[in-house]
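> One predicted model, sequence on top.
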Amino acid sequence: MTEPPPRHYGSGGHRADDGSQPASRPVPRHERRIRPQYLTAAAVAVALVAAGTVYATVQTGVPPDAPAAAATPAAAAAGTAGASPLTAPQGSAPPVTDAGGTTPAASDLPATAPTAAGPASPAVAEAAAATKPAEVPPAVVAVPAIGPELDAQITGIIQANSAYSLGVSLIDLSDGVVHGYGVQEKFVAASTAKILAASAYYHLVETGRASLNARLGASTAGAQIRQMVQQSNNDSWALILGAVGQRGISDYAASIGITYDRTVNLLTPAEMARTLQLLYTGALLNPANTAQLLSYMQNTNFETLIPPAVPPGVGVFHKYGLLFGNLHDASVLVKDGRAFAFVVYTRGKNYSDMGPRTRIIQELTRAVTAALF
């Protein structure tokens, strides 16, 4: 950078290059002797301070004496304004990717990120702690649990009970992979299909074509859904299906990848498991309707199939089905942030062999929960 021409202080007035004249006020002689010395010293001091500032900036990459408050969440957010935010599930921290493209485990990350400004003062640290959001529980690391050993156990139970048609479907909701065992063809779905009917009606509500408060039969549509799912009321089912319509239920099922005709009410174990997967993960309905429907799948009028075989601490949301030779239970099993859709469809003679098939369903449940939880 070209230095500007020097300024001259010969008479106490500024003589610039443009030819301006000195001030007309006469200056005492002692001022002419002293002022240049003071001004020269001041100029040297200013130059030294400026040089130190430039050096500090180059060395640290941040302005000297950067405020410690820059390490607070608000300052960090301001510093990243305009950047594309990472999208994460509610209640979890956004993923952090290292330079190698991998995602380190939460235990590998420092508890507090270091800042170039150095440690904050006690007062700033106390203020930051006061505004710190509540700690988010660490995400549960997905551990492969559905493997050859569990596959062999389920297959062995099915083969040992070949007098019945048994179909099992299992989905780890963290990856969505469907694991099928035994018969994977269509069964008469019986009352397990009531979950599909309920979801279809809620979908009409969410798209503005129906209301949970609408009069339906002797009560409201919302009350009929609860009776249909929690108490397995067939009259309520007929009312909900009538409101959705035959074409409506088929179209809704097709929209989630299921071929369904209510006049024959056929589903595969995998289709039922897929429905439960989409419901539990919030892919079918909004959060309020999802929570409401899941709540109806607890404390039902028939808790004798999967629920009694589930160990303490494991949550169960389920819908059973019972019609002539068909005895089913379709569930979501949940514990410590892990969830699995687990469906068992069975077909036997009639109601006379419900006891043996109940024991088979419970044996399968114990094998699955022991392996997964």
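Right, received. Where do you want to start?

> CA atoms for contacts and neighbours, from now on please.
Noted.

> Please enumerate the strands of this protein.
With DSSP state E as the criterion, the chain has strands at 165-172, 178-182, 187-188, 215-216, 219-220, 266-267, 315-323, 326-335, 338-347.

> how about those, which one is nearest Ile256?
With CA to CA as the criterion, Ile256 lies closest to strand 266-267 of the strands of the chain, at 13.2 Å.

> could you say what helices and strands that closest one packs with?
strand 187-188 (3 or more CA pairs under 8 Å, 6 or more residues apart in numbering; DSSP states H and E).

> and the strand it packs on, which strands flank it?
strand 266-267 (antiparallel) (DSSP bridges).

> Run through who's touching the partner strand.
185-189, 193, 259-260 (CA atoms under 8 Å, 6 or more residues apart in numbering).

> Would you point out the most distant pair within these?
Glu185 and Ala193 (15.5 Å).

> between those two, which one's more packed in?
Higher neighbour count among Glu185 and Ala193: Ala193, with 23 against 11, using other CA atoms under 10 Å.

> That one touches Thr268, doesn't it?
No: counting by CA atoms under 8 Å, Ala193 stays clear of Thr268, with 10.7 Å between them.

> neighbours of Gly315, just the number please.
As a burial measure, Gly315 scores 17 neighbours (other CA under 10 Å).

> ok, now which ones touch the closest residue to it other than its chain neighbours?
Closest residue to Gly315 apart from its sequence neighbours, by CA to CA, 6 or more residues apart in numbering: Val334 at 4.9 Å. Contacts for Val334 (CA under 8 Å, 6+ apart) come out as 314-316, 340.

> What about those, which one has the most neighbours?
Neighbour counts for these, by other CA under 10 Å, peak at Phe340, which reaches 24 neighbours.

> what sits opposite it in the beta ladder?
For Phe340, the beta-bridge partners are Asp172, Leu333 (DSSP bridges).

> Show the contacting residues for it.
170-173, 277, 332-334.

> Pull up the gap between it and Ser174, please.
8 Å (CA to CA, to the nearest Å).

> Buried ones among the contacts of strand 266-267?
Neighbour counting with 16 or more other CA atoms under 10 Å marks 187-189, 193, 260 as buried within those.

> Can you lay out the contacts of Phe340 as TSV showing pLDDT and distance to Pro148?
Below are the contacts of Phe340 laid out as TSV (pLDDT from 0 to 100; distance: CA to CA, whole Å):
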residue	pLDDT	distance to Pro148
Leu170	98	13
Ile171	98	15
Asp172	97	15
Leu173	96	18
Gln277	98	22
Val332	98	21
Leu333	98	20
Val334	98	22
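
> Pick the one among these closest to Gly321.
For the contacts of Phe340, the nearest to Gly321 is Val332 (15.1 Å; CA to CA).

> I'd say the closest one and Leu276 touch.
Yes: using CA under 8 Å, Val332 is in contact with Leu276, at 6.9 Å.

> Look at the two and report which has more neighbours.
Neighbour totals were compared for Val332 and Leu276, and Leu276 leads with 29 against 26 (other CA under 10 Å).

> number of nearby residues for the closest residue to that one other than its chain neighbours?
Nearest non-adjacent residue to Leu276, counting by CA to CA, 6+ apart: Ala341, 6.3 Å away. Residues near Ala341, counting by other CA under 10 Å, number 27.

> what's near enough to touch Ala341?
Here Ala341 is in contact with 169-173, 273-274, 276-277, 330-333 (criterion: CA under 8 Å, 6+ apart).

> Now with 6 Å, please.
170-171, 273, 331-332 (CA atoms under 6 Å, 6 or more residues apart in numbering).

> JSON lines please, covering these and showing distance to Thr155.
Shown next, in JSON lines, are those (distance: CA to CA, whole Å):
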{"residue": "Leu170", "distance to Thr155": "12"}
{"residue": "Ile171", "distance to Thr155": "16"}
{"residue": "Ala273", "distance to Thr155": "18"}
{"residue": "Ser331", "distance to Thr155": "19"}
{"residue": "Val332", "distance to Thr155": "20"}
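
> for the residues you listed, which one is nearest Trp237?
Relative to Trp237, and with distances defined as CA to CA, the nearest of the contacts of Ala341 is Ser331, at 19.3 Å.

> Count the neighbours of that closest one for me.
Neighbours around Ser331, by other CA under 10 Å: 25.

> Now it. Nearest residue, chain neighbours left out?
His318 (4.0 Å).

> contacting residues for that neighbour?
His318 sits in contact with 297, 330-331, where contact means CA under 6 Å, 6+ apart.

> change it to 10 Å
For His318, the contacting residues are 192, 195, 229-230, 276, 294-300, 302-303, 305-307, 329-333, 341-343, by CA atoms under 10 Å, 6 or more residues apart in numbering.

> Quick check: closest non-adjacent residue to Ala145.
Nearest non-adjacent residue to Ala145 (CA to CA, 6+ apart): Leu372, at 5.6 Å.

> Which pLDDT value belongs to that neighbour?
Among the per-residue scores, Leu372 shows a pLDDT of 96.

> That one and Ile146 touch, don't they?
Yes: the pair Leu372 / Ile146 is scored as a contact, 7.3 Å apart, by CA atoms under 10 Å.

> between the two, which one's more packed in?
Ranked by neighbour count (other CA under 10 Å), Leu372 and Ile146 place Leu372 first, with 19 against 16.

> Now do the contacts for the more buried one.
143-146, 150, 172, 333-335, 338-340, 366.

> any chance of those in TSV, with distance to Ala214 too?
Below are these laid out as TSV (distance: CA to CA, whole Å):
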residue	distance to Ala214
Val143	45
Pro144	45
Ala145	44
Ile146	44
Leu150	47
Asp172	37
Leu333	33
Val334	33
Lys335	36
Arg338	36
Ala339	34
Phe340	34
Arg366	42
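
> Cheers, nothing more for now.
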